[in-house]
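Chemist: The amino acid sequence is not available; the structure is as follows:
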């Protein structure tokens, strides 16, 4: 090494310089290792189901999030980037970026894709509320209000509603319960924990306060998007609550229990609180489509990632360019006869089947000309001697084909 440095005209480093250089390399390596360890610690919570930030998230959701899918993977056609390229082009304070790669999907975007999968199943959930006055059987509309349905069924399954009191009963109006924290109607916690904001409303014209026994979410004094865990059951139609409170189900059994609940004595001065406690003893889930929707969601995202990487989604099925070339007509360069016997280059559109026919010595049947290939024969107007259409007539052909 010293001889090579001397031949190049460079003095060999001294022992002291080697020591300093070695110490600097060691310090850089230690700093890199510490930085990587810190990054791993910060990201460790993403895969830990017991972490408070992951409250209410299913294992399938955590597995999908670990894949780092892009916005297009979870929502076809959503080509969203981080914006780094645009920022670097307009600000000298930003690092130069020339890549327009798609950004990873956020948790909200992953949730939206899950709930879309849940709606696509078109299945309902079913649960029973055992109260101190008798049972109430409920139908939950997962196919219309998937976010609210998952919250309710999830809280029922984990026992959050067990022991909750009916803190407000107004005859001819509603019976309200579901305060899982304070029990007096001032609290509540959604499936996704205290650290998450109240979740958004889901309004749909198919679900309204149009009958007795409608199941809907209570919120913070009619304020939009303030749903947590409290809900109510109607005793009569309440159409003035439409598009203010999210309807997500109805009572399908236990109407005698509903009658008994409406007739309990209450203290009107204390916000219609029952004078004798009426308790929701236990909530039981019979049918929950959420796990099936999770499996569908995970499969869809994994297939989208494989398709983006050019891998086969189904065994034996072509992917990427191979699949597209089997169905897309090819544009080939050909020659077209012009006045005076001259020829000009043109674009010829042929299907793959035509190429095989031509190669085998057979005339193509699609767009073929009745003229011979002799020099004295002229091709039909807008067509080439080879049987394909020129670029000037492709549009006319497709327009004609698109008519009923």
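Modeler: Received, thanks. Remember, predicted model here, so these are calculated numbers, not experimental data.
Chemist: The closest residue to residue 298 other than its chain neighbours and residue 105: what is the separation?
Modeler: In space, and not counting its chain neighbours, residue 298 is closest to residue 60: 4.8 Å by Cβ to Cβ, 6 or more residues apart in numbering. Quick note: C-beta positions are derived from backbone N, CA and C, even for glycine. Using Cβ to Cβ, to the nearest Å, residue 60 is found at 15 Å from residue 105.
Chemist: So which of those two has more stuff around it?
Modeler: Each of residue 60 and residue 105 has its neighbours counted (other Cβ atoms under 10 Å); residue 105 has more, 25 against 19.
Chemist: my read: the more buried one touches residue 71, true?
Modeler: Yes - at 5.1 Å, residue 105 counts as touching residue 71 under the criterion of Cβ atoms under 8 Å.
Chemist: what is in contact with the two at once?
Modeler: When Cβ atoms under 8 Å, 6 or more residues apart in numbering defines a contact, no residue borders residue 105 and residue 71 alike.
Chemist: Now do the helices in the chain.
Modeler: With DSSP state H as the criterion, the chain has helices at 2-7, 15-44, 59-66, 71-74, 84-90, 107-121, 146-157, 255-262, 290-308, 320-327, 352-359, 391-401.
Chemist: For the third one, buried residues please.
Modeler: Going back to what we said before, that points to helix 59-66. By neighbour count with 16 or more other Cβ atoms under 10 Å, helix 59-66 contains the buried residues 60, 61, 64, 65.
Chemist: Now do the contacts for the first one.
Modeler: Going by Cβ under 8 Å, 6+ apart, residue 60 touches 291, 294, 295, 297, 298.
Chemist: What of the last one?
Modeler: With contacts taken as Cβ under 8 Å, 6+ apart, residue 65 has the following neighbours: 46, 107, 110.
Chemist: and it, how far is that from residue 110?
Modeler: Residue 65 is 6 Å from residue 110, by Cβ to Cβ.
Chemist: Show me the common contact partners of those two, please.
Modeler: With the criterion set as Cβ under 8 Å, 6+ apart, the contacts of residue 65 and residue 110 do not overlap.
Chemist: In space, what's closest to residue 167 - neighbours in sequence excluded?
Modeler: Residue 167 sits nearest to residue 185 (Cβ to Cβ, 6+ apart), 4.4 Å away.
Chemist: Wait, the one you found touches residue 169, no?
Modeler: No - using Cβ under 8 Å, residue 185 is not in contact with residue 169, being 11.4 Å away.
Chemist: Which of those two has more residues huddled nearby?
Modeler: residue 169 (23 against 18).
Chemist: just to revisit the earlier point, who's in contact with the residue nearest to residue 167?
Modeler: Contacts of residue 185 (Cβ under 8 Å, 6+ apart): 167, 168, 176, 179, 230, 271.
Chemist: Buried by neighbour count, from the residues you listed: which ones?
Modeler: So, of these, 167, 168, 176, 179, 230 end up buried under the neighbour-count rule (16+ other Cβ under 10 Å).
Chemist: Show me these that map onto strands.
Modeler: With DSSP state E as the criterion, strands contain 168, 176 from among the buried ones among the contacts of residue 185.
Chemist: Got a quick PyMOL command for the buried subset of the contacts of residue 60?
Modeler: To isolate the buried ones among those in PyMOL, judged by 16+ other Cβ under 10 Å, type:
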select buried, resi 294+297+298
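Chemist: Adding distance to residue 306 and pLDDT, write the contacts of residue 60 out as TSV.
Modeler: Shown next, in TSV, are these (distance: Cβ to Cβ, whole Å; pLDDT from 0 to 100):
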residue	distance to residue 306	pLDDT
291	23	96
294	19	97
295	17	96
297	15	97
298	13	96
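Chemist: Columns distance to residue 251 on top of the contacts of residue 60, output as JSON lines?
Modeler: Shown next, in JSON lines, are the contacts of residue 60 (distance: Cβ to Cβ, whole Å):
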{"residue": "291", "distance to residue 251": "25"}
{"residue": "294", "distance to residue 251": "27"}
{"residue": "295", "distance to residue 251": "30"}
{"residue": "297", "distance to residue 251": "30"}
{"residue": "298", "distance to residue 251": "33"}
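Chemist: which residues of the stretch 51-200 of the chain score low on pLDDT?
Modeler: 194-196 (pLDDT under 70).
Chemist: Tell me who's in contact with residue 173.
Modeler: Counted by Cβ under 8 Å, 6+ apart, residue 173 has contacts 234, 235, 236, 238.
Chemist: Check residue 28 too.
Modeler: Residue 28 neighbours (Cβ under 8 Å, 6+ apart): none.
Chemist: Please tell me how far it sits from residue 40.
Modeler: 19 Å.
Chemist: rewinding a little: can you select the buried ones among the contacts of residue 173 for me in PyMOL?
Modeler: Filtering the contacts of residue 173 down to the buried ones (16+ other Cβ under 10 Å) takes a single PyMOL command:
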select buried, resi 234+235+238
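Chemist: Can you pick out the most distant pair from the contacts of residue 173?
Modeler: 235 and 238 (8.8 Å; Cβ to Cβ).
Chemist: Common neighbours of the two, please.
Modeler: With Cβ under 8 Å, 6+ apart as the test, residue 235 and residue 238 both reach 173, 174.
Chemist: roughly how far apart are residue 212 and residue 136?
Modeler: Residue 212 is 12 Å from residue 136, by Cβ to Cβ.
Chemist: Which one of the two is surrounded by more residues?
Modeler: residue 136 (24 against 17).
Chemist: any idea what sits nearest the residue most central in space within the chain, other than its immediate chain neighbours?
Modeler: Closest to where the C-alpha atoms of the chain average out (Cα atoms, centre = their mean) is residue 113, at 1.9 Å. Nearest non-adjacent residue to residue 113, counting by Cβ to Cβ, 6+ apart: residue 74, 4.2 Å away.
Chemist: Now do the same contact list for the one you found.
Modeler: So residue 74 contacts 105, 109, 110, 112, 113, 301, 304 (Cβ under 8 Å, 6+ apart).
Chemist: Just the closest of those residues to residue 243, please.
Modeler: Closest to residue 243, out of all of the contacts of residue 74 and judged by Cβ to Cβ, is residue 112, at 20.8 Å.
Chemist: Perfect, I'm done here.
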